[in-house]
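Novice: have a look; sequence and predicted model below, questions after that.
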Protein chains: 2
Amino acid sequence: MGHIKKLKCLVCGSEYNENEVMYTCPKCGDEGLLEVEYDYEAIKKEFTKEYLQNNKMYNLWRYLPILPINDPSKIGPLQVGFTPLYPVERIRADLGVSNLYIKDDGRNPTASLKDRASAIVTAKARELGLNEITCASTGNAASSLAGATASTGLKSYIFVPKTAPVAKLTQLLVFGATVFAVNGTYDEAFELSIKATKEFGWYNRNTGFNPYTVEGKKTVALEIAEQLNFDVPDYVFVSVGDGNIISGVYKGFFDLLNLGFIEKMPTLVPVQAEGCAPVVDAVNGDGIIRPVTPNTIADSISVGIPRSGIMAVKYIKETKGFGIKVSDEEILSAIKYLGTMSGVFGEPAASTSFAGYLKALKEGLVKKDDKVVVIITGNGLKDIASAMKSVKEPIYIDPTIEDVKKKLNEII
Amino acid sequence: MGHIKKLKCLVCGSEYNENEVMYTCPKCGDEGLLEVEYDYEAIKKEFTKEYLQNNKMYNLWRYLPILPINDPSKIGPLQVGFTPLYPVERIRADLGVSNLYIKDDGRNPTASLKDRASAIVTAKARELGLNEITCASTGNAASSLAGATASTGLKSYIFVPKTAPVAKLTQLLVFGATVFAVNGTYDEAFELSIKATKEFGWYNRNTGFNPYTVEGKKTVALEIAEQLNFDVPDYVFVSVGDGNIISGVYKGFFDLLNLGFIEKMPTLVPVQAEGCAPVVDAVNGDGIIRPVTPNTIADSISVGIPRSGIMAVKYIKETKGFGIKVSDEEILSAIKYLGTMSGVFGEPAASTSFAGYLKALKEGLVKKDDKVVVIITGNGLKDIASAMKSVKEPIYIDPTIEDVKKKLNEII
């Protein structure tokens, strides 16, 4: 059995037993996201630094004692997590900083951090005996869910805005999902998936709405902490759409703090695109989320109504975090700079966090010797059309050495 | 210092010291690929099963004692290798087989097995004090080299056919490579890169031509063996273009056999597309490689002049291997089946091996209880246009639950 103590409503504080409620707080409706509270004293008895040192399972299940799983036999086979944390020496030298790390979460099975949530939710569905899962997604949550269900034999029904990048749609279809391409926004797809959950009894993986998405995503923070030998970074930069990933990052460090693995929380820095920044505006302003009409190249964070927004703002403020906004041009430039200087290729939404770091450094919001982790949430192969805007064309040549020489002379 | 004893010409048997020759045998020219021979007795003293059990480095460098590296400080930072080996339970159940494994090598940093060779060659270039590397490639070798050079600060000059999929070209450009898109075939790009090597003094990573590419690729076999607890598979299915990967797979098992880690070699099964099968034709026929004009959707193995062909045929025959040819339709069908049944998304060339396995099983060339590993060499996100041909369109809907119900009724 797992170690969940209760589920607690973020808005009204009501507490529920694990089997009393599936999604949000019945009193508060869709805004009443539930926090998963664990029995830390029980966990401490088995989950120690020594436990981790002796654990050869290099994926997210190495943290099983602090995951919301009651029946480990329901865990799927895909190898999710334990992605690289790079000290990026070339970027450090170029920027004159001494303590920057890049967490390349595009190395997950379907090439995004979302695999972490889908791994947990899929196991949860199987615990509940539910064989059909639905979600709404800008693309990555969907392909991660479809990959997870393909590997376990569940069925998935996915709602995506029809404007999702073709790579993400194709990935979904290859994984055998039933894909509804909605003639509307992500926010409309989200509402539709909630209705379909009620109508058809499918298990719902929606970001935030399902309390276990945060529990999956928190594993990125558990890894960062362990990879840094539990010497917590000063700042963690995270691209923000729904606010669910950054909530997960908070929760991971929060669990470790309560378990005595770490001694402080890092400051969380949400980064959003200028054309879609409701969470950053709330964090830097009065704390109130105000829906916007999104306009950005970064499709994965093109979210006008951030479903985990209230949770994210609360958590970020608790770490004394501040928000950064970047332009689409800064995002494209960050894709190219990160790729050229580290060999890590991030999609636009993923590279937004790095663009935010570059801006924060320039503006003096972080210092050159601060210990900073920037999370890259998805692989650039997911959105080639956008990446192409970040680079110049190749050099077209005839197959002769003379033409090579000529063209080389032109570029020198 | 590493443990290389000598480099030996595959054609004439001439032997060289490591520092006597850089690429092929001076007597035999481009056909005289060099095999790297190690001092197994010296290696045995440090490299044991216990050494591996205590080694927490879960990437290809865990095999350092049998890699051609003399100065480990020249190793680049990207985390290459130790990709998942999946027992694919759903596929086993569906096909009624008991011992099938999928090695998902699309999980490497730039999403293909080629990262293994580029990691070794880049370290080698740095040992030699060379800061500029070139290669010709159908795409994956190039992006892996560009990623490796980006992470280490070397410069890369890449020759690709201008028909290479746009995802691969874009990835190269994001990694900051100088990319020559050649108005010609891969074979012409290959010749051009050799000329450029002579002309400009760049270090050449070309498949086969550089003897250390096989040494990098062999690590996939080392991992398979270790992941199976050194209980060697009966068959390993490998998609074949140049023949370099399958040569590497042979070399990995060969090294382990000579070191006493394993007791037999697996039978190697090369799989090629019907429209480009010079290696399979040679293996199944008289052993002679005859160049062809390639015609297949599987761009990564669309190689009319297989540069490691002689080596591959020799090695495959030593394992009593046989070749399989599959149609482009079978490749597309294998992409969809593998994705839907396992959550592993392979590009066309990568899925060719799996299509070959399905065919070999159907034709009784392998038995249902044979222990088989199928290597998936690259991620499907590398070639979305082809993957799209393997799937039906999504279901386009208006954002109403009524439309969801209507469309669901239509597909049931």
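Specialist: Noted; the coordinates are in hand. Residues are numbered from 1 along each chain as shown, chains lettered A, B, ... in the order given.

Novice: residue ranges of the helices in the stretch 151-300 of chain A, please?
Specialist: A:166-174, A:186-200, A:212-217, A:219-227, A:244-258, A:278-284 (DSSP state H, counting those that start in this stretch).

Novice: so A:K44 makes contact with A:N258?
Specialist: No: using Cβ atoms under 8 Å, A:K44 is not in contact with A:N258, being 9.2 Å away. All C-beta atoms are positioned from the backbone trio N, CA, C, and that covers glycine.

Novice: enumerate the residues of the stretch 1-150 of chain A near chain B.
Specialist: Within the stretch 1-150 of chain A, the positions near chain B by Cβ under 8 Å from any Cβ of the partner chain are A:58, A:77-79, A:84, A:86-90, A:104, A:107, A:109-111, A:146-150.

Novice: quick check: the residue positioned nearest the centre of chain A vs A:S14, distance?
Specialist: The centre of chain A sits closest to A:I245, judged by Cα atoms, centre = their mean, with a distance of 4.1 Å. Separation of A:I245 from A:S14 (Cβ to Cβ, to the nearest Å) stands at 25 Å.

Novice: got the buried residues for the helix or strand containing A:K6?
Specialist: Assigned by DSSP states H and E, A:K6 belongs to strand A:4-9. Neighbour counts over strand A:4-9 (16 or more other Cβ atoms under 10 Å in any protein chain shown) mark A:I4, A:K6, A:L7, A:K8, A:C9 as buried.

Novice: which elements pack onto it?
Specialist: Judged by 3 or more Cβ pairs under 8 Å, 6 or more residues apart in numbering or on different chains; DSSP states H and E, strand A:4-9 is in contact with strand A:15-16, strand A:34-38.

Novice: any idea which of those is most buried?
Specialist: Across those, averaging neighbours per residue (mean count of other Cβ atoms under 10 Å in any protein chain shown) puts strand A:34-38 on top, at a mean of 21.

Novice: following element in sequence after that strand, please.
Specialist: Using DSSP H and E, the helix or strand that follows strand A:34-38 in sequence is helix A:40-46.

Novice: related to what we said a few turns ago, what's next to the strand holding A:K6, contact-wise?
Specialist: A:14-18, A:20-21, A:24-25, A:27-28, A:32-39, A:68, A:211 (Cβ atoms under 8 Å, 6 or more residues apart in numbering or on different chains).

Novice: count of residues packed around the closest residue to A:D281 other than its chain neighbours?
Specialist: The spatial neighbour of A:D281 that comes closest, neighbours along the chain excluded (Cβ to Cβ, 6 or more residues apart in numbering or on different chains), is A:R290 at 7.0 Å. A:R290 has 12 neighbours, counted by other Cβ atoms under 10 Å in any protein chain shown.

Novice: then A:N17?
Specialist: Neighbour number of A:N17 under other Cβ under 10 Å is 10.

Novice: could you measure from the residue nearest to it when sequence neighbours are not counted over to A:E215?
Specialist: Closest residue in space to A:N17, ignoring its immediate chain neighbours: A:K6 at 6.4 Å, by Cβ to Cβ, 6+ apart. As for A:K6, its distance to A:E215 is 14 Å (criterion: Cβ to Cβ).

Novice: and for A:K198?
Specialist: 23 Å.

Novice: so between the two, which is more surrounded?
Specialist: Neighbours of A:K198 and A:E215, each counted by other Cβ under 10 Å, are more numerous for A:E215; the result is 26 against 10.

Novice: quick revisit: just send the helices and strands packed on strand A:4-9 back as TSV, with mean pLDDT too.
Specialist: Putting the helices and strands packed on strand A:4-9 into TSV (pLDDT from 0 to 100) gives the following:
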stretch	mean pLDDT
strand A:15-16	98
strand A:34-38	98
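
Novice: for B:I375, which of those strands is the nearest?
Specialist: B:I375 sits nearest to strand A:34-38 of all the helices and strands packed on strand A:4-9, at 39.4 Å, using Cβ to Cβ.

Novice: could I get that closest one in PDB with only the CA atoms?
Specialist: Extracted in PDB, the C-alpha atoms of strand A:34-38 (Å, rounded to 0.1, in the frame of the first residue of the first chain):
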ATOM      1  CA  LEU A  34      -6.700  18.600  -4.400                       C
ATOM      2  CA  GLU A  35      -3.300  18.300  -2.800                       C
ATOM      3  CA  VAL A  36      -2.000  14.900  -2.000                       C
ATOM      4  CA  GLU A  37      -0.700  14.700   1.600                       C
ATOM      5  CA  TYR A  38       1.500  11.800   2.700                       C
END
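
Novice: for it, which strands pair with it and how are they oriented?
Specialist: Neighbouring strands of strand A:34-38 in its sheet, by DSSP bridges, are strand A:4-9 (antiparallel).

Novice: keeping just the C-alphas, turn the partner strand into CSV.
Specialist: The C-alpha trace of strand A:4-9 is given here as CSV (Å, rounded to 0.1, in the frame of the first residue of the first chain):
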residue,chain,number,x,y,z
ILE,A,4,-1.4,8.8,1.1
LYS,A,5,-2.9,10.3,4.3
LYS,A,6,-5.5,12.5,2.7
LEU,A,7,-6.5,14.7,-0.3
LYS,A,8,-6.9,18.3,0.7
CYS,A,9,-8.7,21.0,-1.3
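
Novice: return the distance of that strand from the chain's centre.
Specialist: Here strand A:4-9 is found 22 Å from its chain centre; the criterion is Cα atoms, centre = their mean, to the nearest Å.

Novice: ok so, going back, tell me the most buried of the helices of the stretch 151-300 of chain A?
Specialist: Sort these by mean neighbour count, taking mean count of other Cβ under 10 Å, and helix A:212-217 sits at the top with a mean of 28.

Novice: which residues in the stretch 1-150 of chain A form helices?
Specialist: Assigned by DSSP H, counting those that start in this stretch, the stretch 1-150 of chain A shows helices spanning A:40-46, A:49-53, A:89-95, A:115-127, A:140-152.

Novice: now the ones you listed in TSV, with mean neighbour count and distance to A:P72?
Specialist: Converted to TSV, the helices of the stretch 1-150 of chain A look like this (neighbours: other Cβ atoms under 10 Å in any protein chain shown; distance: least, Cβ to Cβ, whole Å):
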stretch	mean neighbour count	distance to A:P72
helix A:40-46	13	13
helix A:49-53	11	15
helix A:89-95	16	39
helix A:115-127	27	8
helix A:140-152	31	14
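
Novice: with distance to A:P294 added, can I get the ones you listed in TSV?
Specialist: Below are these laid out as TSV (distance: least, Cβ to Cβ, whole Å):
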stretch	distance to A:P294
helix A:40-46	38
helix A:49-53	40
helix A:89-95	29
helix A:115-127	21
helix A:140-152	16
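
Novice: got the ones you listed as TSV, with distance to B:N99 and mean pLDDT columns?
Specialist: Converted to TSV, those look like this (distance: least, Cβ to Cβ, whole Å; pLDDT from 0 to 100):
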stretch	distance to B:N99	mean pLDDT
helix A:40-46	34	97
helix A:49-53	33	96
helix A:89-95	43	98
helix A:115-127	25	98
helix A:140-152	18	96
